[in-house]
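Q: next comes the sequence, and after it the predicted model I'd like to discuss.
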Amino acid sequence: MTGSFLRLGAFVLGLLGLKTVEVLEPHHAPTAPLRLRWITNIGLGLVNGLLVSLLCASCFVLTAQGRLPAAFAPLPRLTSVVWVQILVAVVLLDLLSYALHRAYHGIPFFWRFHVVHHTDLDLDVSSASRFHTGEVLFSSVAKLGAVTFVGIPPSGLVVFEVVMLACSQLQHANVKVPARLEPILWRTLVPPAMHRLHHAPNRRDADSNYGTILTLWDALLGTFNRRAADEQPSFGVPRMRDPKVLSLRALAALPFRRSAEG
């Protein structure tokens, strides 16, 4: 339960803290009405947060019962130092998230779920919560596989989830990053400017900058995009721009409709 409370606390703290910064020093003027977007995004975030919390809790229970990790898992054999295991867990799970993100864009079946995230007509801290529950379920199964076969400790999974949540909220936030900090982030942690390109309406930009925490994977694997940002940013999917059809109920059903193709 401690892991669930940590994640919930990080979620609320990041949401309120970054929203305050967005109000005081926004990067751009709103490109879509706030109320409907927030109802949708936070609604999805609450449902998905429960699912992730259940995953973390299940890992602790299974570990306590001796069912995790698998007997052949390499990480416990390589080191018994907990902080090293946690550090390795964060790096490996971030690489896994990168690979999953590319798959969600490259495989049509998975894109039908991931497109829900890209339908957001603006980008702010709430956008970090806008994921279809089906996508979160797929990712959770993949992470459970990593926990089992690599030997990632449950504490490593919890730390990763908290760090990933904080980074995701920051990179989606409508905030101005100090000029001195911007180039440092581009070389280390994914900055908002980098992720805004990923949410551009054109697919060429959308199919780049897949990183969640580290920029390293995009740089190494050929998906790094650092073109000059548009003066007036725009977001969303070109054929899905009517706010009336982007309600919580409509997005829940979107993967099962023809409109989710392409």
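A: Structure received. Numbering: from 1, shown residues only.
Q: so residue 6 makes contact with residue 162?
A: Yes: using Cβ atoms under 8 Å, residue 6 is in contact with residue 162, at 5.7 Å. For the C-beta atoms, the positions are set from N, CA and C on the backbone; glycine is no exception.
Q: residue 72: how many residues sit nearby?
A: 8 (other Cβ atoms under 10 Å).
Q: that one: which element?
A: Under the criterion of DSSP states H and E, residue 72 resides outside all helices and strands.
Q: with residue 177 as the reference, measure out to the nearest residue to it once chain neighbours are set aside.
A: Nearest residue to residue 72, sequence neighbours excluded (Cβ to Cβ, 6 or more residues apart in numbering): residue 149, at 7.8 Å. As judged by Cβ to Cβ, to the nearest Å, residue 149 and residue 177 stand 37 Å apart.
Q: same deal with residue 119?
A: Separation of residue 119 from residue 177 (Cβ to Cβ): 25 Å.
Q: neighbour count winner among these two?
A: residue 119 (21 against 17).
Q: tell me, how many residues neighbour the residue lying closest to that one once chain neighbours are set aside?
A: Nearest non-adjacent residue to residue 119, counting by Cβ to Cβ, 6+ apart: residue 240, 4.9 Å away. The number of residues packed near residue 240 is 19, by other Cβ under 10 Å.
Q: buried ones in stretch 85-99?
A: The neighbour-count check on stretch 85-99 (16 or more other Cβ atoms under 10 Å) flags 85-86, 88-90, 92-98 as buried.
Q: what of stretch 211-219?
A: 211-218.
Q: and residue 10, what does it touch?
A: 162, 165-166 (Cβ atoms under 8 Å, 6 or more residues apart in numbering).
Q: for the longest helix seen in the chain, packing partners?
A: Ranked by residue count and defined by DSSP state H, the top helix of the chain is helix 34-64. Packed against helix 34-64 by the contact rule (3 or more Cβ pairs under 8 Å, 6 or more residues apart in numbering; DSSP states H and E) you find helix 2-24, helix 133-150, helix 154-172, helix 248-253.
Q: so what's the gap between that helix and the chain middle?
A: Chain-centre distance of helix 34-64: 12 Å, with Cα atoms, centre = their mean, to the nearest Å.
Q: ok, and for it, which residues are buried?
A: For helix 34-64, the neighbour count (16+ other Cβ under 10 Å) marks 37-38, 40-45, 47-49, 52-53, 55-57, 59-60, 62 as buried.
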